[in-house]
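S.K.: Predicted structure and sequence below. I'll ask about it afterward.
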Amino acid sequence: WSNHFAVSIDKLAVLGLAGALEREAIRPHVLGNFADMLCAVEQHPAMLLYLDNAQSTGPDSAAALAADRRGRGRGLNENLGREILELHTLGVEGGYTQQDVRAMALLITGWSIGGGQGRLRGGQPGHFHFREVLHQPGAKVLLGRRYQEGLAAGERALRDLALHPATARHLATKLARHCVADDPPPALVRRMADAYLDADGDLPALYRALTDAPESWA
């Protein structure tokens, strides 16, 4: 799972946080529900800094409008939104579009880190903090589903992505590739994905489907 949610200390801001990501966001959920792990990871300072979301600004947010008046534009960063869809949930063949990438990025504007100065001051330093001043107002459409604004909308989108059939296939394929074969048997991947969806994203159900499979021992 640390490979699945990879960050790199080549980016110096992450240097003191990479171990904390594994300890605080991944390990507590390894025997839990994938949606809980997903939300914890995407809100962890290591991920927010590594993929530049801490300063990502909705184009119609209060912070963007104020910056425009001062001639100092603030912009949307799509890095984390893209990685969520491409690597963390649906996978590169998951059927999303650039419009979905942008929608995901807009949904998580304001997902930042406590501390700061001036208009961006607030929250506990070094911990996740939702900065409403950076958040894009209004509804967003992701994969044909409409979400409203606010912190809860981004969390709802992550939980919906966690139970998407493409996410189930992506997770099952990666786990089977890691544990069984570089080219995992399609029937095994299907059974693992079905077990994951039938259990509403419960990870032990996914693991049991893997360890009970004769392909895993052949």
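M.R.: Right, received. Where do you want to start?
S.K.: lowest confidence element among the helices and strands of this protein?
M.R.: In the chain, the helix or strand scored least confidently by mean pLDDT, DSSP states H and E is helix 62-69, which has a mean of 88.
S.K.: That one: what's the following helix or strand?
M.R.: Later in the chain than helix 62-69, the nearest helix or strand by DSSP states H and E is helix 79-83.
S.K.: model confidence over the next helix or strand along the chain from that next one, on average?
M.R.: Sequence-wise, the next helix or strand downstream of helix 79-83 (DSSP H and E) is helix 98-107. Average pLDDT, helix 98-107: 98.
S.K.: Name every strand pairing with the helix or strand following helix 98-107 and say which way it goes.
M.R.: Where DSSP H and E defines the elements, the next helix or strand beyond helix 98-107 is strand 111-113. Strand 111-113 has the following strand partners under DSSP bridges: strand 128-130 (antiparallel).
S.K.: tell me the mean pLDDT for the strand it pairs with?
M.R.: Mean predicted confidence for strand 128-130 is 97.
S.K.: now the helix or strand containing residue 158, how far from the chain's geometric center?
M.R.: For residue 158, the element it lies in under DSSP H and E is helix 151-162. Remark: helix 151-162 is offset 9 Å from the chain centroid, using Cα atoms, centre = their mean, to the nearest Å.
S.K.: Likewise for stretch 44-53?
M.R.: With Cα atoms, centre = their mean, you get 10 Å for stretch 44-53.
S.K.: distance between the ends of that stretch?
M.R.: 11 Å (Cα to Cα, to the nearest Å).
S.K.: likewise stretch 64-84?
M.R.: 24 Å.
S.K.: quick one on the thing from earlier: name the helices or strands packed onto the helix holding residue 158?
M.R.: helix 34-42, helix 98-107, strand 145-147 (3 or more Cβ pairs under 8 Å, 6 or more residues apart in numbering; DSSP states H and E). Heads up, the C-betas are built off the backbone N, CA and C, glycines and all.
S.K.: show me the contacts for the residue lying closest to residue 177 once chain neighbours are set aside.
M.R.: Leaving out its chain neighbours, the residue that sits closest to residue 177 by Cβ to Cβ, 6 or more residues apart in numbering is residue 184, at 5.2 Å. Listed by Cβ atoms under 8 Å, 6 or more residues apart in numbering, the contact set of residue 184 reads 173, 176-177, 215.
S.K.: Pull out the buried positions in the helix holding residue 158.
M.R.: By neighbour count on 16 or more other Cβ atoms under 10 Å, the buried set for helix 151-162 is 151, 153-162.
S.K.: can you redo these as TSV with pLDDT and distance to residue 25?
M.R.: Listed next are the buried residues of helix 151-162 as TSV, based on pLDDT from 0 to 100; distance: Cβ to Cβ, whole Å:
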residue	pLDDT	distance to residue 25
151	98	17
153	98	21
154	98	16
155	98	14
156	98	19
157	98	18
158	98	13
159	98	16
160	98	20
161	98	16
162	98	14
